[in-house]
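Participant: give me coordinates for this.
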Amino acid sequence: MSDVIEWPDGGFPGIRINPEFLLPEITSPEACAAALEASTDPADRVFVLLVEGHASDAAELLAEARYRDPESFRLRAFESEVLRVSHRYDEAVELFKQLLAEVAGTSNEALVYQYLGRTHFAAGHIGAAVESFTRALDLRVEQSADAALIHSSTVALQRARDVLELAS
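Facilitator: Sure, this is the predicted structure:
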């Protein structure tokens, strides 16, 4: 298993992506708690609840936040993440596909492909995960995305390919 330092950035202080399971984990509870304390964005709290596996609490907070900000892309993506954390993979995939249709050609497209890949991977649909992670990586490279995002897609794609190879 890789050292925590080698884990891709999870998009929030104190959170990184576990390179074996391709899911975000809290690696520094102190940093995460401090960032949450300083944040005024309800999406941050929803994200941390999802990382902790508290799908119902996240869903409740998400519903309130969506009521106040129905157009928030991040909150809409977290609706699918609530389904993934609840092991409702098929519903999560469908919601991500709807979101993908709406964000095609925008900078958010790569992120949706990354989340879709994560959901496929968690559901055991490794071939579909490889396709999604490949698309996310291609888009991120095309868009000259931040190096941390490209690294995250690269790690996810390699892990999914390794799992696929072991299965065949």
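Participant: chain center to the longest helix along the chain: distance?
Facilitator: The residue-count maximum for a helix in the chain (DSSP state H) belongs to helix 147-167. Here helix 147-167 is found 14 Å from its chain centre; the criterion is CA atoms, centre = their mean, to the nearest Å.
Participant: quick check: the gap between the residue positioned nearest the centre of the chain and residue 104.
Facilitator: Closest to where the C-alpha atoms of the chain average out (CA atoms, centre = their mean) is residue 115, at 4.3 Å. In this structure, residue 115 and residue 104 are 15 Å apart, going by CB to CB, to the nearest Å. (C-beta placed from N, C-alpha, C; glycine too.)
Participant: ok, residue 155 next?
Facilitator: 25 Å.
Participant: these two: who's more crowded?
Facilitator: residue 155 (20 against 10; other CB atoms under 10 Å).
Participant: shouldn't residue 10 be within a strand?
Facilitator: Yes - with DSSP: H, G, I helix; E, B strand; the rest coil as the criterion, residue 10 is part of a strand.
Participant: relative to residue 142, how far out is the nearest residue to it once chain neighbours are set aside?
Facilitator: Of all residues not flanking residue 10 in the chain, residue 24 sits nearest, at 4.2 Å (CB to CB, 6 or more residues apart in numbering). Counting by CB to CB, the gap from residue 24 to residue 142 is 24 Å.
Participant: give me the more crowded residue out of the two.
Facilitator: More neighbours surround residue 24 than the other of residue 24 and residue 142, with 23 against 9 (other CB under 10 Å).
Participant: now that one: which helix or strand?
Facilitator: Assigned by DSSP states H and E, residue 24 belongs to strand 23-26.
Participant: ditto for residue 107
Facilitator: Applying DSSP H and E, one finds residue 107 in no helix or strand.
Participant: for the spatially closest residue to residue 134 that is not a sequence neighbour, the count of nearby residues, please.
Facilitator: Nearest residue to residue 134 in three dimensions, chain neighbours excluded: residue 157, at 6.0 Å (CB to CB, 6+ apart). The local packing of residue 157 (other CB under 10 Å) involves 23 other residues.
Participant: quick check: residue 157 vs residue 80, distance?
Facilitator: Distance, residue 157 to residue 80, by CB to CB: 20 Å.
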